[in-house]
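**Q** Coordinates only, no sequence provided:
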């Protein structure tokens with residue numbers, strides 16, 4: 001990792017410096033990017049596509065805010081990294097809404113929609129008609145513009161050649177998950193289990209629901225975008241970054257998301273990977289196991305203190321969500337996870353609450 005050591009001093013090493021960069025640079029830039037996409041979404045001709053595009057930006061803005069924290073580690077390249085991360089995450093959130101609210105349960109439709117994410121990170125591929133298998137299709141060029149924005153910014157990342165195969169691996173797994181989790185509920189668990197069996201050798205320490213959760217995170221992709229902003233990135237370093245984030249850091253991210261959404265998903269009949277545990281105690285122990293795996297894995301990376309802040313920030317972000325206070329069982333889990341919390345996590349907890357209230 002010698003080539004990445006050169007950029008180690010760019011990484012904020014303590015929470016106050018990280019949050020200073022977030023407030024001063026990251027949040028204003030993310031807001032500006034999302035304002036542009038919001039205006040474009042408002043002009044989408046098809047009413048259903050317009051509704052879902054606008055709803056995804058309104059309800060999931062914090063996804064873009066959280067993902068763009070990686071740009072705080074290379075402020076000189078934030079004009080590339082933030083538009084790239086925001087555009088890519090906006091595709092993810094928009095398609096998630098389309099599939100969640102879809103009248104179709106066609107796996108081929110879902111796969112074609114998500115081909116846009118693979119094309120977004122593979123500038124040499126041909127753009128396609130991603131709506132070809134569904135009735136609603138006139139988005140006024142919105143999805144193509146998001147994809148092209150990703151590609152244009154990727155072209156400006158000098159280390160992308162080394163990062164690309166590992167990004168394609170993560171985005172490919174993400175696409176598979178989105179296909180299988182959105183098909184007919186009577187078919188999805190069997191499809192997810194068959195898929196897991198194909199990949200179980202990659203993560204033998206995880207249960208099938210935990211592997212699936214890990215594939216649903218975009219954090220590994222964002223970290224590889226950041227790494228690719230370094231012209232010295234090589235194949236070995238990119239592989240180490242991929243393996244440090246997948247599966248534990250990525251798995252923690254999505255398991256926390258499902259943890260706080262349990263009640264909402266039960267009401268809506270949506271799939272929730274936390275519901276597959278035998279009981280609350282098992283769920284808590286498994287999430288704690290993933291937390292420890294994440295902390296262990298990031299020690300392999302230069303500037304590991306930055307990645308440790310990402311982990312503690314994830315815990316703070318999700319456990320400070322208003323949904324936690326509304327669910328007694330999750331409040332208990334939250335208290336257990338926060339009980340031996342370092343001051344760093346408490347710092348992020350306070351900041352997460354402030355951001356939710358004021359931004």
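**A** That came in fine, so what should we check first? Just so we're clear, the structure is a prediction, and the values are computed from it rather than from any experiment.
**Q** Averaged pLDDT, the helix or strand containing residue 309. What do you get?
**A** Secondary structure from DSSP states H and E places residue 309 in helix 304-319. Mean pLDDT, computed over helix 304-319, is 84.
**Q** Show me where the stretch 151-300 of the chain has its helices.
**A** Secondary structure of the stretch 151-300 of the chain (DSSP state H, counting those that start in this stretch): helices at 160-182, 185-199, 208-215, 219-228, 235-245, 248-260, 262-268, 280-297.
**Q** Please identify the most buried of those helices.
**A** Compared across the helices of the stretch 151-300 of the chain, helix 219-228 shows the largest average neighbour count, a mean of 27 (mean count of other Cβ atoms under 10 Å). Just so you know, the C-beta spots here come from the backbone N, C-alpha and C atoms, and that holds for glycine as well.
**Q** Report the angle between it and helix 160-182.
**A** 170 degrees (axes from the mean of the first three to the mean of the last three Cα atoms, to 10 degrees).
**Q** Figure out which of the helices of the stretch 151-300 of the chain is closest to residue 94.
**A** Closest of those to residue 94 is helix 160-182, at 11.8 Å (criterion: Cβ to Cβ).
**Q** Remind me what that closest one packs against, helices and strands.
**A** When contacts are defined as 3 or more Cβ pairs under 8 Å, 6 or more residues apart in numbering; DSSP states H and E, helix 160-182 packs onto helix 78-100, helix 107-120, helix 185-199, helix 208-215, helix 219-228, helix 235-245.
**Q** what about residue 47, neighbour count?
**A** Summarising burial for residue 47: neighbours were counted as other Cβ atoms under 10 Å, giving 10.
**Q** ugh, typo on my part, it should be residue 232
**A** The number of residues packed near residue 232 is 15, by other Cβ under 10 Å.
**Q** What's the separation between it and residue 238?
**A** 11 Å (Cβ to Cβ, to the nearest Å).
**Q** Identify the contacts common to those two.
**A** Residues touching both residue 232 and residue 238 (Cβ atoms under 8 Å, 6 or more residues apart in numbering): residue 159.
**Q** what bits of this protein have low per-residue confidence?
**A** Within the chain, the ranges that satisfy pLDDT under 70 run 1-9, 103, 324-350, 352-359.
**Q** Just want the most central residue of it.
**A** When Cα atoms, centre = their mean is applied to the chain, the residue found nearest the centroid is residue 218 (2.9 Å).
**Q** my guess is that one contacts residue 88, does it?
**A** Yes - taking contacts as Cβ atoms under 8 Å, residue 218 lies within contact range of residue 88: 7.0 Å.
**Q** Next up, the contacts around residue 274.
**A** By Cβ under 8 Å, 6+ apart, residue 274 lies in contact with 209, 255, 258, 259, 262, 283.
**Q** do that again at 7 Å, thanks
**A** Contact partners of residue 274, counting by Cβ atoms under 7 Å, 6 or more residues apart in numbering, are 255, 258, 259, 262, 283.
**Q** Just flag the most distant two among these.
**A** Within the contacts of residue 274, 255 and 262 form the most distant pair, 11.1 Å apart (Cβ to Cβ).
**Q** before we move on, back to that, between the contacts of residue 274, which is closest to residue 310?
**A** residue 255 (15.1 Å).
**Q** thought that closest one was touching residue 286?
**A** No - contact between residue 255 and residue 286 fails when scored by Cβ atoms under 7 Å: they sit 8.0 Å apart.
**Q** Between the two, which contacts overlap?
**A** Going by Cβ under 7 Å, 6+ apart, residues that sit against residue 255 and also against residue 286 are residue 210.
**Q** Need the contacts of residue 274 in TSV (columns: distance to residue 109).
**A** Output for the contacts of residue 274, formatted as TSV (distance: Cβ to Cβ, whole Å):
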residue	distance to residue 109
255	28
258	24
259	29
262	28
283	33
